[in-house]
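In: I need the structure of the sequence given here:
(3 chains)
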Amino acid sequence: MLGFAARRLAFAVASVAAVVVITFLLVHAAPGEPMLGTADRTFASPDVIARQRALFGLDRPLPVQFIRYAGNLVRGELGTSFVLHRPVSSILAEALPHTLLLGGTALVASLLLGLAVGALQAARHRSRTDTLLGAATLVFYSVPVFWLGLMLLLVFGEQLHWLPVSGMRSAALEDGSALARALDVARHLVLPAASLALVQAAAFARFQRSALVESLAGEHIRAARAKGLPERTVLLKHALRGALAPTITLAGLSVPYFLAGSVLVESIFGWPGLGRVAYDAIFARDYNVITAVALVSGVLVAAGNLLADVAVALADPRVRLER
Amino acid sequence: MLFAAAAVLAGCARRPATPGAPVVIATTGDADVLLPPVTSVTTGINVSDLLFCRLAELKLGLNTVDDSGFRPVLARSWDHPDSLTIVFHLDPRARWQDGVPVRAADVAYTFAVYRDPAVNAPLAPFLAAIDSVVARDSLTVAFRFRRWYPEQLYDATYHMRILPRHLLDTIPPARLGAAPFGRAPVGDGPYRFVRWTAGSEIVLAADTTWFLGRPGIARLVWRVTPELATAVSTLLAGEADAMEVIPARGQLERVQHDTTVRLVPYPSPFYAAIVFNLRRPPFGDRDVRRAIAMAVDRPTVVQSVFGPFAQVAAGATGPMQWIWSDAIRQLAFDTAAAARALEARGWRRGGSGAWRSARGAPLAFTLLVPTSSGVRQQAAVLLQDELKRFGVDMRIQPLEFTVMERRTQTGDFDAAFISRTIDPSPASLLQWWSPGASDNIGRYADTTFASLTSAALRARTRAEAAPLWREALGRLNEEAPAIFLFSPRNNAAVSTRLENVTIRPDSWLATVTTWRVRETGSGARGRHTGQP
Amino acid sequence: MSPWRAAARRFGRNRAAVVGAALVGALVLASLLGPLVTPDPLAQPDPVRLQDRPPSAAHLFGTDPYSRDVLSRTLSGARVSLVVGVGAALLAVTLGAGVGLVAGLAGRRTDQLLMRGVDVALALPRIILLLAVFAVWERVPPVAVLCVIAATGWFQTSRIVRAAVLSLREADFVVAARALGAGGAGLVRRHLLPHVAAPVIVSASLDVGNIILLEAGLSYLGLGVRPPTPTWGNMIMDGKDVLFSAPWVALAPGCALVLTVVAFNLAGDGLRDAFDPKVA
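Out: Got it, this is the predicted structure:
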C-alpha cells in the first residue's frame, strides 16, 4: 500500500511541475503588455513601461527568466504582482481561505444532496420518483455553472431580494457580534455555493444511482434480503458501505471542477477568492500571479487525485498491484 | 437546507439606519496600493487622494494659470520671489496621523521619490520642469524651475501628494510599492485609514481634528463589486450610496427610474478619437485624412450612440479644460468637399462607389477598437456605415485592451479608436501630439503646431494663452491626424441621503469634505435587504 | 443477431434516448437552416434605437446591447457549440484510441513510457491549462478551440482502449487467429475494434456535453471564440452586463445550452444503456 501511495505521490509532484512549466511558458508567450494592466489604469508613458519591465527582469531572455523563477520557487518565493506591487504569496494567502470556504461548503452540500438523491432514486428504482429525480439531475448536470449563477443572482438576488447580490460581507457589520458576522457571511455564501453545488450534486446523484442499483442487485444484497432484513437496513448497511470509497474518489476527482467553477462564480458574486484573483490576473497579464495560481491549483488537483487513488486502492486491492 | 433557511431569515430582520452609518461607494475595481507615486488604478487613486494632501488644490473652476485658481491646503501661502522660484509656507497645524507635524523636509523627500527612476512613478515626466525642491527651514520650501512659464504653480502642486519622510525614508525606493505602508498608510488628509479587506472593501474614517475642518461624512467605505450591473443593483438596493460614473445607457435608465438615487452630471476628463497612423499609407497624405474626417457626420453619430450623454469633441480637448470653446476651428461634415479633396490627390470613384487611388488601390483600412468600450464599438459600427456610403472601406477589429495598447505602441496599426485622459492643464496636449513625444502613436509631426503650443505655453495670462491654444487645436483639427469624436458627460449616482454634493471633474471626491448626510429618517438604506 | 443490431434495438426501445437523439437532430437542423431564415447575427441595422429591446414580433428573443437579433445569434452560436462539441469529442477519441492501441499492442517499454505520460497528463488541471492557452491568443478560430480541447481530453480514452486491447490480446480467439496466420491489421480491424468501439462511442457521446459546456465557459470568460462571432458563452458574457434590465440576452443562449447538453446526455445515456444493459 505504501509503495502504491509513494508512486502516486511521485506522479503528483511530476504533474505539478509540468503545470508550472507549461503555464510559465504559455503566459510569457502571450501578446499584450503586463505593465499596462486593465483599461482602468492611468496612462503610463512607454519609457515608464520599459523601465518597469527592466525592474521586473522581463527584458531578459525567457530561459533566464524561467531559471530565476524556478530558483525562487524552490525557496518558497512566488514573486511580486505587477499590478498590486505586493508579494504574490500574501495575495494567495488572503484569497485561498475564501475559496476553500466556498468550495468546501459547495463540495459538502453537493455530496450530501447528490448522494441522498442518488440513494433515493436507487431505492425507488424505476418508480415515478426515480424518473422525476432523474430528469431533474439530468437538467442540472447539463447547466453551465456560470449561467446558473447568473440566474440565481437574477431571481433570488435582484427580483426577490432574499439574498445579497455581491461580496462576502455587508458593509456596516464591522462591530456586530461574532455570531451576527458569521451569519452574514453565511447569507452571502448561499447563492455562490448553490451555483457550484447544484451542478455537481447532479453529477454525484447520477453516479450514485447507477452504483447503488448495480450493488443492490449484487449477490450479498440478495442474501441479506433473503435473511429477511428490512429494506432500509439493506440499503444503509450493505449497499452504502460499498459506496463509501467511490464517494471519496468522486470528491477527490471533483476538485478541478470546483476550481474551474470558482473562477466563474467568484466574479459573478464578487466573492474575494482565488478564482477572482486568477480572473483579474489573466486579463491584466499579471504573470507571477497567474503562474502561482496555476501552481496552487495544480497542487490542489493533485491532492484530490491522490486522495481518490488511495480510496480506490483501499477498496480494491487489485489496483495496488497494477504495474 | 435548514441552515440556509436560518441564514436567510437572520438577515431579513430589519436594522434601522443609524446616523453616522458609513457612506458606501460602489466600485468595480479594487485598489492596487495606497501610495501616491505608485498607485495607478482608479480606486487606489480615489482613496489615496483622501489620505494624502497636496500643497494646494485647484478650485472648482479648474483655472490652472492664475494663482487665484488655487486654494491653500498644506501650504498656507506662497510667493514668487523671482520668475524661476516659488516659495511655499507650510501650515504649522498640518499633522501626520501619527501626530508628527508635516514639515518642509517631507516635501523635499516627496519630490525625490517621485523623480527616482527606481520608483518609476508614472507622473515623473510631469515634474520635468522643476529643477529642485529645497527645504529652507522646517516650514518653508522653495521650488526652483528650469524656465519661466505661467503654470509653475500648477506643476508644483497638482502632481505630487506629500509623503511622510519619517515613515518612508528608511525603505529603499525600489521597494516602496511593495512595502506594508502601501496597505496600511498613514497620511495627513481629512480621512484616516481604517481597514482594507482585499477584493472586498476599503474603510476610511474622518479625522475629526483635521486642521482645515472636520469632514462632513464620518466614515467612507469603498465596496468592490466586480460586475457593473450588480454594482448598480447595490446602489438601487440601498447597500451603496454613491458611484463615480454610471457608464452604460441601460444602467443609466435603471438609475433614472429610481427615486432614492439621483444622477449628478459632470464633464468627464476624457475624449475619444480615431487616431491615424501617419506611417501607413495613405494616412501620410494630409488631404486623405481630411477627406475621411469630413466624410463623417460627428454630431449624428454622437447623438445616436449617447443621446444627451456626450458632446462632440471640439478638438483634442474636453469641456473640463479652460481652453474648450465653440470657437475652435473644426472640419465641417461635407462629403462634397471630401470628394473634391480626394479627387485632387488623384483618387477616383470606381463603379461600386468605392474610392481607388491612381494606382488602383482601394481606400481601405482597419480600425482597432478595444472590447472594453461598448460605446466605442457602437460608434465604430455607425462610422463604418457612413464611410461605406462615402466609398471608404473601414474594417473594425475588436481587440482586448492590453493587446491594442501593444499594437498602438509598436506602431502596428492603421487607425485606432483611443480614449485620452486629460488633465486640467492644456499642456497635457503635448504628450500625445508634440512631434517626437513618446505617446504620439500616430507620429504626427507639425512644426506649426509645435510653435503655436510653445507660444501658448509662454503666454503670461489666461486671456493671452487661450486664443493661442485654440489656434493650436484648430490647426490640429485641420491637419486631421485624428478624428476627434466625443467627450462623454459623466453621470455620478448619488443617494438622496447625501446633500451638498459637488463634483470636480478631474477628481470626483475632491470636495467630499463638504458633502453632508441628511439626518432625517430612513433614507434609502435597509429598504430591501434589511442592511443598514 | 450481431451485438450492434442488439444495441440498436435496445436504444430504439429507450424512450428517453430516442428523444435525446431526435433533439440532437433537431438542433443540428436548426443550426444549419436557422441562419438562412433569420437576420444576419452580426448586423446592427439601428445600433442605438434597437438596443436591448425585449422580445417582440420582429425580434422573437429581443435584441442585445449592440442591437443585434438574439434569436439569430442563438441559432448561429449553435453552430460553434455543435462543431466544437462533436468535433473535439471525435478528435479526442481518435487520439486516445490511437495512443491506447499503440500502447496495448506495442512492447513493454513503449507501453510504460506512454502510460506514464498519460498518468501525469491525467493529473493536470485541464481548466487551468485551457485558461492559460487561450489567454495567450488574440483571436481564436473555432477550429483552434476544438483542437486544443481535444488535445487536453484524450487521456482517459487511451486508458480505456489500452485496457481493452490488453485483455483481448490473451483471449482465446485472438491467439487462435494468430496461430492461423492472421496479420496485425486484419486482427485489429475485425476483432479488436468492435470490442473497443462500444466503450469508446459511449465515452465520446457523453463527452460532447461536457465539451460544449467547457467551450461555453471559456468564451464566457472572454477567451476562446471572441465577439462579434456569436457563441452561446460570449452571448451570456454580453448579457450579464444587462442582466437586470434585459435578461433575455443571457436567458436565450443559456436555455439553448441546457437544451443541447441535455439532448446529448440523453442520447449518451441511451447509448451506454444500449451497449451495457446491465445497469439501467
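In: Please report the number of neighbouring residues for C:Leu23.
Out: 17 (other C-beta atoms under 10 Å in any protein chain shown). For every residue, glycine as well, the C-beta is placed using N, CA and C.
In: so what's it up against?
Out: C:Leu23 sits next to C:Leu259, C:Val262, C:Ala263, C:Leu266, C:Ala267 when contact means C-beta atoms under 8 Å, 6 or more residues apart in numbering or on different chains.
In: switch to 6 Å and redo it
Out: By C-beta atoms under 6 Å, 6 or more residues apart in numbering or on different chains, the residues touching C:Leu23 are C:Ala263.
In: do the one 4 residues further on as well
Out: Under the criterion of C-beta under 6 Å, 6+ apart, the contact list for C:Leu27 reads C:Thr260.
In: could you give the mean pLDDT of the helix or strand in which it is found?
Out: For C:Leu27, the element it lies in under DSSP states H and E is helix C:15-37. Averaging pLDDT along helix C:15-37 gives 87.
In: do stretch B:203-214 as well
Out: Across stretch B:203-214, pLDDT averages out at 94.
In: Okay, buried residues for that stretch please.
Out: Under the neighbour-count criterion of 16 or more other C-beta atoms under 10 Å in any protein chain shown, stretch B:203-214 has B:Val203, B:Leu204, B:Ala205, B:Ala206, B:Asp207, B:Trp210, B:Phe211, B:Leu212 buried.
In: ditto for stretch B:488-506
Out: So, applying 16+ other C-beta under 10 Å, buried residues of stretch B:488-506: B:488-495, B:497-498, B:501, B:503-506.
In: Stretch B:432-448 too?
Out: Under the neighbour-count criterion of 16+ other C-beta under 10 Å, stretch B:432-448 has B:Trp432, B:Trp433, B:Ser434, B:Ala437, B:Ser438, B:Asp439, B:Asn440, B:Ile441, B:Gly442, B:Arg443, B:Tyr444, B:Asp446 buried.
In: now that stretch, how far from the centre of its chain.
Out: Distance of stretch B:432-448 from the chain centroid (C-alpha atoms, centre = their mean, to the nearest Å) equals 21 Å.
In: Sketch out the low-pLDDT regions of the chain for me.
Out: Here I'm looking at chain A. Where chain A drops to pLDDT under 70, the residues are A:29-46, A:171-175, A:218-222, A:224-225, A:229, A:231-244, A:315-323.
In: should've been chain C
Out: Chain C contains residues with pLDDT under 70 at C:1, C:41, C:43-50, C:135-139, C:172-175, C:177-178, C:181-192, C:277-280.
In: burial count for B:Asp326?
Out: For B:Asp326, the neighbour count with other C-beta under 10 Å is 6.
In: Give me the below-cutoff pLDDT ranges for chain B.
Out: Counting by pLDDT under 70, chain B contains low-confidence residues at B:1-20, B:520-532.
In: remind me, longest strand of it?
Out: strand B:482-495 (DSSP state E).
In: That one and chain C in contact?
Out: No - figure legend: strand B:482-495 not in contact with chain C (C-beta under 6 Å from any C-beta of the partner chain); closest approach 13.4 Å.
In: and that strand, what does it pack onto?
Out: Contacts defined by 3 or more C-beta pairs under 6 Å, 6 or more residues apart in numbering or on different chains; DSSP states H and E place strand B:482-495 against strand B:261-267, strand B:270-276, strand B:310-312.
In: Direction included, what does it pair up with?
Out: Here strand B:482-495 has these sheet partners by DSSP bridges: strand B:242-243 (antiparallel), strand B:261-267 (antiparallel), strand B:270-276 (antiparallel), strand B:310-312 (antiparallel).
In: Export the second one to CSV, keeping only CA atoms.
Out: In CSV, the C-alpha atoms belonging to strand B:261-267 read as follows (Å, rounded to 0.1, in the frame of the first residue of the first chain):
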residue,chain,number,x,y,z
VAL,B,261,-30.7,57.8,-6.2
ARG,B,262,-30.1,60.9,-8.3
LEU,B,263,-27.7,61.5,-11.1
VAL,B,264,-25.2,64.3,-10.9
PRO,B,265,-23.8,65.1,-14.3
TYR,B,266,-20.2,66.5,-14.8
PRO,B,267,-17.8,66.8,-17.7
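In: Enumerate the positions of that strand that are buried.
Out: By neighbour count on 16+ other C-beta under 10 Å, the buried set for strand B:261-267 is B:Val261, B:Arg262, B:Tyr266, B:Pro267.
In: hmm, back to that, so after the longest strand of chain B, what's the next helix or strand?
Out: strand B:498-499.
In: Run the chain-centre distance for that following strand.
Out: Its chain's C-alpha centre and that of strand B:498-499 lie 24 Å apart, by C-alpha atoms, centre = their mean.
In: Write out the residues of the stretch 151-300 of chain A neighbouring chain C.
Out: Within reach of chain C by C-beta under 6 Å from any C-beta, the stretch 151-300 of chain A has these residues: A:Leu154, A:Glu158, A:Ser210, A:Glu214, A:Pro256, A:Ala260, A:Ile282, A:Ala294, A:Ser297, A:Gly298.
In: excluding its backbone neighbours, what's nearest the spatially most central residue of chain A?
Out: Nearest residue to the geometric centre of chain A (C-alpha atoms, centre = their mean): A:Phe258, 2.3 Å. Using C-beta to C-beta, 6 or more residues apart in numbering or on different chains and skipping the chain neighbours, the partner closest in space to A:Phe258 is A:Gly103 (4.3 Å).
In: Surely the one you found is within a helix?
Out: Yes - according to DSSP: H, G, I helix; E, B strand; the rest coil, A:Gly103 belongs to a helix.
In: Just give the number of residues close to it.
Out: Neighbour count of A:Gly103, defined by other C-beta under 10 Å: 27.
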